[in-house]
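Q: fold the following.
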Amino acid sequence: MSSTTSATSTSTVTTSITSTTGLSGKSVVVTGAGSGIGRAAALRFAAEGARVVLADLDADRTKAVAEEISGAGGAAVAVIGDLGDQQVVDQVVATAVDAFGGIDVLVNNAGVMDRMSAAADTADEEWERVLRINLTAPFLLSRAALPHLLASGDAAIVFTASEASLRGSAAGTAYTVSKHGVVGLTKSLAVMYRAKGVRTNAIAPGGTVTGIQVDVDAEAHGPSVLMGHLGAMGRTATADEQAAAIVFLASGAASNINGVVLPVDNGWSAV
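A: Numbers count the residues shown, from 1 in each chain. Alright, predicted model coming up:
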(Lines give C-alpha, C1' and ligand atoms only; values in the text may rest on other atoms or scores of the structure.)
Protein backbone atom coordinates (compact mmCIF):
# COMPACT_ATOMS: atom_id res chain seq x y z
CA MET A 1 0.00 0.00 0.00
CA SER A 2 1.39 3.27 -1.02
CA SER A 3 0.44 6.72 0.12
CA THR A 4 0.73 9.92 -1.85
CA THR A 5 1.28 13.25 -0.18
CA SER A 6 0.10 16.27 -2.09
CA ALA A 7 1.84 19.53 -1.31
CA THR A 8 -0.03 22.75 -1.94
CA SER A 9 2.03 25.75 -2.85
CA THR A 10 0.62 29.03 -1.70
CA SER A 11 1.76 32.21 -3.40
CA THR A 12 1.45 35.53 -1.65
CA VAL A 13 0.35 38.54 -3.63
CA THR A 14 1.50 41.82 -2.20
CA THR A 15 -0.56 44.85 -3.08
CA SER A 16 1.01 48.26 -2.83
CA ILE A 17 -1.43 50.78 -1.42
CA THR A 18 -0.60 54.43 -1.91
CA SER A 19 -2.32 57.56 -0.73
CA THR A 20 -5.11 58.79 -2.97
CA THR A 21 -5.27 62.28 -1.53
CA GLY A 22 -2.64 63.81 -3.80
CA LEU A 23 -2.20 66.62 -1.29
CA SER A 24 1.50 66.30 -0.55
CA GLY A 25 3.28 69.52 -1.49
CA LYS A 26 0.06 71.35 -2.27
CA SER A 27 -0.47 74.94 -1.15
CA VAL A 28 -3.62 75.14 0.95
CA VAL A 29 -5.37 78.18 2.43
CA VAL A 30 -7.66 77.52 5.40
CA THR A 31 -9.76 80.31 6.90
CA GLY A 32 -10.98 80.25 10.48
CA ALA A 33 -7.90 78.12 11.14
CA GLY A 34 -7.32 79.26 14.71
CA SER A 35 -9.87 76.92 16.25
CA GLY A 36 -12.64 74.41 15.66
CA ILE A 37 -13.16 72.92 12.21
CA GLY A 38 -10.55 75.20 10.62
CA ARG A 39 -7.84 74.13 13.04
CA ALA A 40 -8.71 70.47 12.61
CA ALA A 41 -8.65 70.83 8.82
CA ALA A 42 -5.30 72.64 8.85
CA LEU A 43 -3.75 69.88 10.95
CA ARG A 44 -5.15 67.19 8.64
CA PHE A 45 -3.86 68.92 5.51
CA ALA A 46 -0.43 69.29 7.11
CA ALA A 47 -0.45 65.59 8.05
CA GLU A 48 -1.03 64.82 4.36
CA GLY A 49 2.09 66.81 3.48
CA ALA A 50 0.36 69.99 2.33
CA ARG A 51 1.76 73.43 3.06
CA VAL A 52 -0.82 75.54 4.84
CA VAL A 53 -1.68 79.23 5.10
CA LEU A 54 -3.75 79.79 8.23
CA ALA A 55 -6.08 82.79 8.12
CA ASP A 56 -7.98 83.95 11.18
CA LEU A 57 -8.83 86.99 13.29
CA ASP A 58 -7.41 85.47 16.50
CA ALA A 59 -3.65 86.03 16.44
CA ASP A 60 -2.67 83.90 19.44
CA ARG A 61 -4.66 80.82 18.46
CA THR A 62 -3.68 80.98 14.80
CA LYS A 63 0.02 81.36 15.53
CA ALA A 64 -0.25 78.45 17.97
CA VAL A 65 -1.66 76.22 15.22
CA ALA A 66 1.14 77.29 12.88
CA GLU A 67 3.70 76.42 15.55
CA GLU A 68 2.02 73.07 16.14
CA ILE A 69 2.32 72.22 12.45
CA SER A 70 5.91 73.46 12.23
CA GLY A 71 6.83 71.56 15.37
CA ALA A 72 5.61 68.35 13.74
CA GLY A 73 7.79 68.97 10.69
CA GLY A 74 5.16 70.62 8.49
CA ALA A 75 5.03 73.98 6.76
CA ALA A 76 2.57 76.65 7.88
CA VAL A 77 2.30 80.40 7.97
CA ALA A 78 -0.31 82.54 9.70
CA VAL A 79 -2.11 85.63 8.38
CA ILE A 80 -4.13 87.59 10.93
CA GLY A 81 -7.04 89.83 10.04
CA ASP A 82 -10.70 90.30 9.12
CA LEU A 83 -11.43 88.54 5.83
CA GLY A 84 -14.24 91.00 5.16
CA ASP A 85 -11.43 93.50 4.47
CA GLN A 86 -10.11 93.33 0.89
CA GLN A 87 -6.60 94.24 2.07
CA VAL A 88 -6.52 91.22 4.38
CA VAL A 89 -7.83 89.00 1.57
CA ASP A 90 -5.06 90.28 -0.70
CA GLN A 91 -2.50 89.61 2.04
CA VAL A 92 -3.69 86.00 2.41
CA VAL A 93 -3.33 85.38 -1.31
CA ALA A 94 0.04 87.14 -1.54
CA THR A 95 1.34 85.14 1.43
CA ALA A 96 0.35 81.83 -0.17
CA VAL A 97 2.00 82.81 -3.44
CA ASP A 98 5.18 84.15 -1.83
CA ALA A 99 5.59 81.32 0.70
CA PHE A 100 4.39 78.33 -1.31
CA GLY A 101 4.34 79.38 -4.95
CA GLY A 102 0.59 79.56 -5.50
CA ILE A 103 -2.72 78.19 -4.28
CA ASP A 104 -3.99 74.67 -5.00
CA VAL A 105 -6.73 74.40 -2.37
CA LEU A 106 -8.90 77.07 -0.77
CA VAL A 107 -10.97 76.18 2.29
CA ASN A 108 -13.53 78.90 3.02
CA ASN A 109 -14.39 77.85 6.55
CA ALA A 110 -14.50 81.01 8.70
CA GLY A 111 -17.95 81.95 9.95
CA VAL A 112 -20.08 83.24 12.80
CA MET A 113 -23.51 82.40 14.18
CA ASP A 114 -26.39 84.80 14.49
CA ARG A 115 -28.64 85.23 17.56
CA MET A 116 -31.20 82.78 16.17
CA SER A 117 -33.29 85.87 15.42
CA ALA A 118 -36.47 85.72 13.36
CA ALA A 119 -36.65 88.23 10.51
CA ALA A 120 -38.72 90.80 12.40
CA ASP A 121 -36.20 90.76 15.26
CA THR A 122 -33.02 90.85 13.17
CA ALA A 123 -31.18 94.13 13.65
CA ASP A 124 -29.25 95.72 10.77
CA GLU A 125 -25.98 95.14 12.67
CA GLU A 126 -26.66 91.41 13.11
CA TRP A 127 -27.64 90.99 9.46
CA GLU A 128 -24.68 92.91 8.08
CA ARG A 129 -22.10 91.23 10.33
CA VAL A 130 -23.27 87.69 9.59
CA LEU A 131 -23.60 88.24 5.83
CA ARG A 132 -20.23 89.97 5.63
CA ILE A 133 -18.32 87.24 7.44
CA ASN A 134 -20.21 84.19 6.19
CA LEU A 135 -20.83 85.13 2.57
CA THR A 136 -19.05 88.29 1.41
CA ALA A 137 -15.67 87.30 2.87
CA PRO A 138 -15.53 83.87 1.19
CA PHE A 139 -16.64 85.46 -2.09
CA LEU A 140 -13.83 88.03 -1.86
CA LEU A 141 -11.23 85.38 -1.10
CA SER A 142 -12.47 83.03 -3.82
CA ARG A 143 -12.34 85.84 -6.36
CA ALA A 144 -8.83 86.84 -5.32
CA ALA A 145 -7.56 83.24 -5.26
CA LEU A 146 -9.08 82.14 -8.57
CA PRO A 147 -6.21 83.25 -10.85
CA HIS A 148 -3.85 81.09 -8.81
CA LEU A 149 -6.29 78.17 -8.52
CA LEU A 150 -6.71 78.26 -12.30
CA ALA A 151 -2.94 78.31 -12.74
CA SER A 152 -2.71 75.18 -10.58
CA GLY A 153 -4.65 73.15 -13.14
CA ASP A 154 -5.81 70.72 -10.46
CA ALA A 155 -7.40 72.83 -7.75
CA ALA A 156 -10.23 72.63 -5.28
CA ILE A 157 -12.36 75.02 -3.26
CA VAL A 158 -14.24 73.71 -0.23
CA PHE A 159 -16.78 75.79 1.66
CA THR A 160 -18.18 75.18 5.10
CA ALA A 161 -21.91 75.63 4.60
CA SER A 162 -24.24 74.36 7.32
CA GLU A 163 -27.28 72.29 8.11
CA ALA A 164 -28.92 75.72 7.97
CA SER A 165 -28.09 75.84 4.25
CA LEU A 166 -30.41 72.84 3.71
CA ARG A 167 -33.43 73.97 5.67
CA GLY A 168 -35.04 76.93 7.41
CA SER A 169 -35.16 75.47 10.90
CA ALA A 170 -31.56 75.24 12.07
CA ALA A 171 -30.64 78.87 12.77
CA GLY A 172 -31.88 82.44 12.63
CA THR A 173 -32.69 84.42 9.51
CA ALA A 174 -29.28 86.02 8.93
CA TYR A 175 -27.30 82.82 9.36
CA THR A 176 -29.75 80.77 7.29
CA VAL A 177 -29.65 83.26 4.42
CA SER A 178 -25.85 83.51 4.56
CA LYS A 179 -25.40 79.74 4.34
CA HIS A 180 -27.97 79.37 1.56
CA GLY A 181 -25.86 81.98 -0.22
CA VAL A 182 -22.75 79.86 0.34
CA VAL A 183 -24.48 76.97 -1.41
CA GLY A 184 -25.31 79.22 -4.37
CA LEU A 185 -21.71 80.41 -4.53
CA THR A 186 -20.45 76.83 -4.34
CA LYS A 187 -22.61 75.69 -7.23
CA SER A 188 -21.90 78.76 -9.36
CA LEU A 189 -18.14 78.27 -9.01
CA ALA A 190 -18.49 74.55 -9.70
CA VAL A 191 -20.22 75.20 -13.02
CA MET A 192 -18.16 78.19 -14.11
CA TYR A 193 -14.74 76.65 -13.55
CA ARG A 194 -15.16 72.87 -13.88
CA ALA A 195 -13.66 72.89 -17.38
CA LYS A 196 -10.69 74.87 -16.14
CA GLY A 197 -9.45 72.46 -13.49
CA VAL A 198 -11.14 73.85 -10.38
CA ARG A 199 -13.63 71.75 -8.42
CA THR A 200 -15.87 73.42 -5.82
CA ASN A 201 -17.80 71.62 -3.11
CA ALA A 202 -19.12 72.28 0.39
CA ILE A 203 -19.78 70.42 3.58
CA ALA A 204 -22.97 71.05 5.55
CA PRO A 205 -22.14 70.37 9.19
CA GLY A 206 -24.80 69.52 11.70
CA GLY A 207 -24.22 70.16 15.39
CA THR A 208 -20.47 70.24 16.00
CA VAL A 209 -18.30 70.90 19.04
CA THR A 210 -16.44 74.15 18.30
CA GLY A 211 -15.59 77.33 20.14
CA ILE A 212 -18.36 79.38 18.50
CA GLN A 213 -20.48 81.18 21.07
CA VAL A 214 -24.15 81.84 20.39
CA ASP A 215 -25.74 84.82 22.14
CA VAL A 216 -29.38 83.77 22.33
CA ASP A 217 -32.40 85.22 24.09
CA ALA A 218 -34.33 82.03 24.78
CA GLU A 219 -37.56 84.00 25.19
CA ALA A 220 -37.34 85.63 21.76
CA HIS A 221 -39.55 84.39 18.93
CA GLY A 222 -36.76 82.86 16.79
CA PRO A 223 -35.15 80.64 19.45
CA SER A 224 -38.52 79.57 20.84
CA VAL A 225 -39.57 78.32 17.39
CA LEU A 226 -36.23 76.70 16.56
CA MET A 227 -35.70 74.76 19.78
CA GLY A 228 -38.21 72.08 18.86
CA HIS A 229 -36.59 71.50 15.47
CA LEU A 230 -33.11 71.29 16.96
CA GLY A 231 -34.23 68.23 18.91
CA ALA A 232 -33.89 66.21 15.69
CA MET A 233 -30.18 67.07 15.42
CA GLY A 234 -28.88 63.79 16.84
CA ARG A 235 -25.29 63.20 17.90
CA THR A 236 -22.95 66.17 18.01
CA ALA A 237 -19.92 65.77 15.75
CA THR A 238 -16.30 66.54 16.53
CA ALA A 239 -14.44 69.20 14.58
CA ASP A 240 -12.15 66.48 13.24
CA GLU A 241 -15.09 64.61 11.70
CA GLN A 242 -15.96 67.74 9.74
CA ALA A 243 -12.31 68.28 8.82
CA ALA A 244 -12.06 64.75 7.44
CA ALA A 245 -14.85 65.54 4.98
CA ILE A 246 -13.19 68.81 3.96
CA VAL A 247 -9.87 67.08 3.25
CA PHE A 248 -11.64 64.34 1.30
CA LEU A 249 -13.43 66.86 -0.95
CA ALA A 250 -10.16 68.71 -1.56
CA SER A 251 -8.26 65.53 -2.35
CA GLY A 252 -7.66 63.42 -5.41
CA ALA A 253 -10.02 60.83 -3.95
CA ALA A 254 -12.87 63.23 -4.85
CA SER A 255 -11.56 64.01 -8.34
CA ASN A 256 -14.95 63.65 -10.03
CA ILE A 257 -17.01 65.30 -7.29
CA ASN A 258 -18.01 68.86 -8.12
CA GLY A 259 -20.87 71.11 -7.04
CA VAL A 260 -21.83 68.87 -4.11
CA VAL A 261 -23.10 69.99 -0.71
CA LEU A 262 -22.22 67.09 1.57
CA PRO A 263 -24.18 66.84 4.84
CA VAL A 264 -21.93 65.79 7.71
CA ASP A 265 -24.73 65.66 10.23
CA ASN A 266 -25.36 62.09 11.43
CA GLY A 267 -28.48 61.96 9.27
CA TRP A 268 -30.12 65.16 10.53
CA SER A 269 -30.85 66.23 6.95
CA ALA A 270 -32.66 62.91 6.41
CA VAL A 271 -35.17 63.54 9.20
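
Q: burial check on L23, number of neighbours?
A: The tally of other residues near L23 (other C-beta atoms under 10 Å) stands at 24. No exception for glycine: its C-beta is placed from N, CA and C like everyone else's.

Q: pLDDT score for it?
A: At L23, the model reports a pLDDT of 97.

Q: hang on, it packs against V105?
A: Yes: with contact defined as C-beta atoms under 8 Å, L23 and V105 form a contacting pair (7.5 Å).

Q: okay, and the common contacts of the two?
A: Listed as contacting both L23 and V105 by C-beta atoms under 8 Å, 6 or more residues apart in numbering are 45, 50, 250.

Q: make CSV out of those residues and add neighbour count and distance to T210.
A: Formatted as CSV, the shared contacts of L23 and V105 follow (neighbours: other C-beta atoms under 10 Å; distance: C-beta to C-beta, whole Å):
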residue, neighbour count, distance to T210
F45, 29, 18
A50, 28, 22
A250, 30, 20
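
Q: what distance do you get for the nearest residue to S165 once chain neighbours are set aside to D114?
A: Spatially, and ignoring its direct neighbours in sequence, S165 is nearest to K179 (3.7 Å; C-beta to C-beta, 6 or more residues apart in numbering). Applying C-beta to C-beta, to the nearest Å, the value for K179 to D114 is 10 Å.

Q: cool, T236 as well?
A: Distance from T236 to D114, counting by C-beta to C-beta: 19 Å.

Q: quick one: which of the two has more around it?
A: Applying other C-beta under 10 Å to T236 and D114 shows that D114 carries more neighbours, namely 25 against 11.

Q: tell me the SS of the more buried one?
A: coil (DSSP: H, G, I helix; E, B strand; the rest coil).

Q: mind listing what it touches?
A: 122, 126, 130, 171-175.

Q: re the thing from before, who touches both of K179 and D114?
A: A171.

Q: if you skip the residues just before and after it, what's nearest to V247?
A: R44 (4.7 Å).

Q: wait, a helix at A96?
A: Yes: applying three-state DSSP, one finds A96 inside a helix.

Q: any idea which helix or strand comes after the helix-or-strand element of the chain with minimal mean pLDDT?
A: The helix or strand of the chain with the poorest confidence is helix 221-230; it has a mean of 62 (mean pLDDT, DSSP states H and E). Of the helices and strands lying after helix 221-230 in sequence (DSSP states H and E), the nearest is helix 239-250.

Q: please list the residues outside stretch 68-77 that contact it.
A: Outside stretch 68-77, the residues that touch it by C-beta under 8 Å, 6+ apart are 42-43, 46-47, 49, 51-54, 65-66, 95, 99-100.

Q: and the helix or strand hosting S178, what other elements does it pack with?
A: Counting by DSSP H and E, the element that carries S178 is helix 173-193. Under the contact definition 3 or more C-beta pairs under 8 Å, 6 or more residues apart in numbering; DSSP states H and E, helix 173-193 sits against helix 124-131, helix 137-152, strand 155-160, strand 198-205.

Q: tilt between the first one and helix 137-152?
A: Here the directions of helix 124-131 and helix 137-152 differ by 20 degrees (axes from the mean of the first three to the mean of the last three C-alpha atoms, to 10 degrees).

Q: check the offset of helix 124-131 from the chain's centre.
A: 22 Å (C-alpha atoms, centre = their mean, to the nearest Å).

Q: please work out which residues outside it touch it.
A: Counting by C-beta under 8 Å, 6+ apart, 112-115, 117, 173-175, 177-178, 181 sit against helix 124-131.

Q: would you say V107 is within a helix?
A: No: the assignment for V107 by three-state DSSP gives strand, which leaves it out of any helix.

Q: mind listing what the residue nearest to it when sequence neighbours are not counted touches?
A: The shortest distance from V107 to any non-neighbouring residue, by C-beta to C-beta, 6+ apart, is to V30 (4.4 Å). For V30, the contact set (C-beta under 8 Å, 6+ apart) comprises 38, 41-42, 45, 52-55, 107, 109.
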